[in-house]
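>>> what follows is a predicted structure for the sequence shown.
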Amino acid sequence: MKIHEVRALIQLKPVERNRRRRHLAAAHTTEDFRLLARRALPRSVFDYIDGGADEETSLRANVDAFRRWRFVPRALTDVSAPDLNTKILGQAVSAPLGLAPTGYTRMISALGEPAVMSATATAGLPYVLSTMATTSLEDVAAAAPRAERWFQLYVWKDRTLTEQLVQRAAQSGYSVLEIAVDTAVSGFRVRDVRNGLTIPPALTLSSLVDIGMRPRYWTSMLRHSALQFANVSSDGADGSPAYTIENITSQFDPAVTWDDVARIRDQWPGKIVIKGPIRAQDAVRARELGLDGVHLSNHGGRQLDRSIPPIDLVSPVRSAVGEDFSILVDSGVRHGADIATALCLGADACFIGRPYLWALAAGGQQGVSRLLQVLTDQLRRTMQLLGVTSIDQLRREGPSLVMRD
């Protein structure tokens, strides 16, 4: 072969000079985003995203539970034009995927919740804002007025504050309310305790070392306003924040019952679900109470350790509540194939938490958008290899497409 023939075979890609775009273009899995976040964040902040409760048994089991399922594809079907469009709680979305509520998002990136909301608005997917957000629900709504906005509610001991949060969410155009029911007390997150994680961050010897090792992160934080719990912020008598990461979860009411859920149902004008590791019997009760669905979640393994992986609750809950009741699931979703598995088992959609925080740390709004592209591409490819062309078909034929390993 002659030299000019060899040259014709060599295709040199142009070098991307922008460091962020170069890293994001090379990210093809959620683990790639995790590694990028690990390099970008101080250890205590990364551990806050990455860690779970106690021995982190649930954290590991959530991911492993998805891997126990095996696909049984259909052969010789035309899969040239798969359609990921579907509906979640009656709302049209571009894929059966949403972004679950996470707290302290501006601690991950100074761009915070508005960047996440903007990415989901562009993608045509829902985003659930947490009560523990670091941007107020009004400011998030203003940042992306056309976005599909949901709000996760923690029920407070101060019932007046609880009612105010519900009213503010309704007035700001949030269409779905999720009531978290798995936070009677806060899970014991060992990594956070050992790292002395606080909001606002406290300067210790280890954090000073982190500053030296992560100057980009700290410079970005210093250029923006101080971290606070924007939806419930208030100052103490001495001018200091009344709520801190250490004491704010103690304001959640451990005495919440179904009666409280019924009152909130009467107050909220839109769709409403309860979120937690919901058993089949409790899902039936939620339906009887007039709720629109359940969001199966064990808080990503951050609350009760050794709890059942939510993916294992999907089939029994679906059998108990029937077909016309929404089932959402998170905790352990790391791949588009996980979404396909959940739908085959009876879920309407999957939600992600840690992965989009990793992506936010890696590349801000662009990072979140890139992650959503990766996951939807994975789902599309999985559907094609399974021999199905629509989300409805995936759900309808799901029981014949998966089997337990």
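That came through, no problem. Numbering: from 1, shown residues only.
>>> which stretches of the stretch 1-150 of the chain have low pLDDT?
1-16 (pLDDT under 70).
>>> can you give me the strands in the chain?
69-71, 86-88, 91-93, 97-99, 126-130, 148-153, 176-180, 271-276, 293-296, 326-329, 349-352, 402-404 (DSSP state E).
>>> okay, those in TSV with mean neighbour count and distance to residue 78 next?
Quick note: C-beta positions are derived from backbone N, CA and C, even for glycine. Converted to TSV, the strands of the chain look like this (neighbours: other CB atoms under 10 Å; distance: least, CB to CB, whole Å):
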stretch	mean neighbour count	distance to residue 78
strand 69-71	15	19
strand 86-88	19	20
strand 91-93	15	24
strand 97-99	25	24
strand 126-130	25	30
strand 148-153	24	31
strand 176-180	25	35
strand 271-276	23	35
strand 293-296	28	33
strand 326-329	26	29
strand 349-352	28	25
strand 402-404	12	22
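>>> export those to CSV and tack on distance to residue 359?
Output for the strands of the chain, formatted as CSV (distance: least, CB to CB, whole Å):
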stretch, distance to residue 359
strand 69-71, 25
strand 86-88, 21
strand 91-93, 19
strand 97-99, 10
strand 126-130, 13
strand 148-153, 19
strand 176-180, 22
strand 271-276, 22
strand 293-296, 21
strand 326-329, 20
strand 349-352, 9
strand 402-404, 27
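>>> figure out which of those strands is closest to residue 379.
Of all the strands of the chain, strand 97-99 sits nearest to residue 379, with 7.6 Å by CB to CB.
>>> what residues sit buried inside stretch 150-165?
150, 151, 152, 153, 154, 155, 156, 161, 162, 165 (16 or more other CB atoms under 10 Å).
>>> could you dump the residues you listed to a markdown table with distance to residue 31?
Shown next, in a markdown table, are those (distance: CB to CB, whole Å):
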| residue | distance to residue 31 |
| --- | --- |
| 150 | 27 |
| 151 | 30 |
| 152 | 26 |
| 153 | 32 |
| 154 | 31 |
| 155 | 35 |
| 156 | 37 |
| 161 | 39 |
| 162 | 38 |
| 165 | 36 |
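>>> ok, of these, which one's closest to residue 396?
Nearest member of the buried residues of stretch 150-165 to residue 396, counting by CB to CB, is residue 150, at 26.2 Å.
>>> and that closest one, what does it touch?
98, 126, 127, 128, 129, 174, 175, 176, 177, 178 (CB atoms under 8 Å, 6 or more residues apart in numbering).
>>> look up which residues are beta-bridged to it.
Applying DSSP bridges to residue 150 yields these beta-bridge partners: residue 128, residue 176.
>>> can you check the pLDDT for residue 195?
Looking at residue 195, its pLDDT is 81.
>>> hmm, I typed the wrong one, I wanted residue 211.
The predicted local confidence for residue 211 is 62.
>>> what's the end-to-end length of stretch 288-299?
The straight-line separation of the ends of stretch 288-299 (CA to CA, to the nearest Å) is 25 Å.
>>> same check on stretch 145-162?
Start-to-end, stretch 145-162 (CA to CA) is 24 Å.
>>> so how far is that stretch off the chain centroid?
16 Å (CA atoms, centre = their mean, to the nearest Å).
>>> if we can go back for a sec, ok, of the contacts of residue 150, which one's closest to residue 382?
The closest of those, once distances to residue 382 are taken by CB to CB, is residue 98, at 18.1 Å.
>>> need the contact list for that closest one.
By CB under 8 Å, 6+ apart, the neighbours of residue 98 are 88, 120, 125, 126, 127, 128, 150, 328, 349, 350, 351, 352.
>>> and if you look at residue 111?
Contact analysis of residue 111 by CB under 8 Å, 6+ apart lists 360, 364, 365.
>>> do the same with residue 136
230, 231.
>>> among the strands of the chain, which comes closest to residue 42?
So among those, strand 126-130 is nearest, using CB to CB, at 21.4 Å.
>>> and that closest one, what does it pack against?
strand 97-99, helix 112-123, strand 148-153, strand 176-180 (3 or more CB pairs under 8 Å, 6 or more residues apart in numbering; DSSP states H and E).
>>> good, we can wrap up now.
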